[in-house]
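> mind looking at a prediction? Sequence and model below.
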Amino acid sequence: MIDLLKKDIVGEVNPYLFQKIQTKINDRQRGNIPAWSVVTLKYGLAALALLMVFNVYSIFSPKEDSQKQDIAYNKFVEDNYFDVLAGTFNSEVLFPE
């Protein structure tokens, strides 16, 4: 770059060539992205992908709570608690339309 400036002072260099080189240097400097931002972006995308996979897994995995609820419901039916409720409350309260 110093040689180019010396030649420009002497007048041996095309003035448009110097401007073209300066434009390329400025374009390169403007296009630089800090390395920490790229690393942060990669980790952020990896975390987002991990959360998406966990979300899909949690949606489609078998639920232990539903199995416990089924067991409790079956126990409720076996003990004939529906008959007790039907005798205590009107059927309109238990089974609304």
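Structure received.

> every contact and neighbour count from this point should use C-alpha atoms.
Will do.

> where in the chain is pLDDT low?
1, 4-15, 31, 64-66, 82, 84-97 (pLDDT under 70).

> and the helices in it?
2-10, 15-31, 35-60, 64-78, 81-88, 91-94 (DSSP state H).

> export these to TSV and tack on mean neighbour count?
Listed next are these as TSV, based on neighbours: other Cα atoms under 10 Å:
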stretch	mean neighbour count
helix 2-10	11
helix 15-31	11
helix 35-60	11
helix 64-78	11
helix 81-88	11
helix 91-94	10
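
> what about F54, distance to S61?
10 Å (Cα to Cα, to the nearest Å).

> ugh, wrong one, I meant G44
Distance, G44 to S61, by Cα to Cα: 25 Å.

> over to D27?
Distance, D27 to S61, by Cα to Cα: 51 Å.

> kindly export stretch 46-59 (C-alpha atoms) in PDB.
This file holds the C-alpha atoms of stretch 46-59, laid out as PDB (Å, rounded to 0.1, in the frame of the first residue of the first chain):
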ATOM      1  CA  ALA A  46     -27.800 -25.600  18.400                       C
ATOM      2  CA  ALA A  47     -29.800 -24.800  21.600                       C
ATOM      3  CA  LEU A  48     -32.900 -24.000  19.500                       C
ATOM      4  CA  ALA A  49     -32.600 -27.300  17.700                       C
ATOM      5  CA  LEU A  50     -32.100 -29.200  21.000                       C
ATOM      6  CA  LEU A  51     -35.200 -27.500  22.400                       C
ATOM      7  CA  MET A  52     -37.200 -28.400  19.300                       C
ATOM      8  CA  VAL A  53     -36.200 -32.100  19.500                       C
ATOM      9  CA  PHE A  54     -37.000 -32.100  23.200                       C
ATOM     10  CA  ASN A  55     -40.400 -30.600  22.500                       C
ATOM     11  CA  VAL A  56     -41.200 -33.200  19.800                       C
ATOM     12  CA  TYR A  57     -40.100 -36.000  22.100                       C
ATOM     13  CA  SER A  58     -42.200 -34.700  25.000                       C
ATOM     14  CA  ILE A  59     -45.300 -34.500  22.700                       C
END
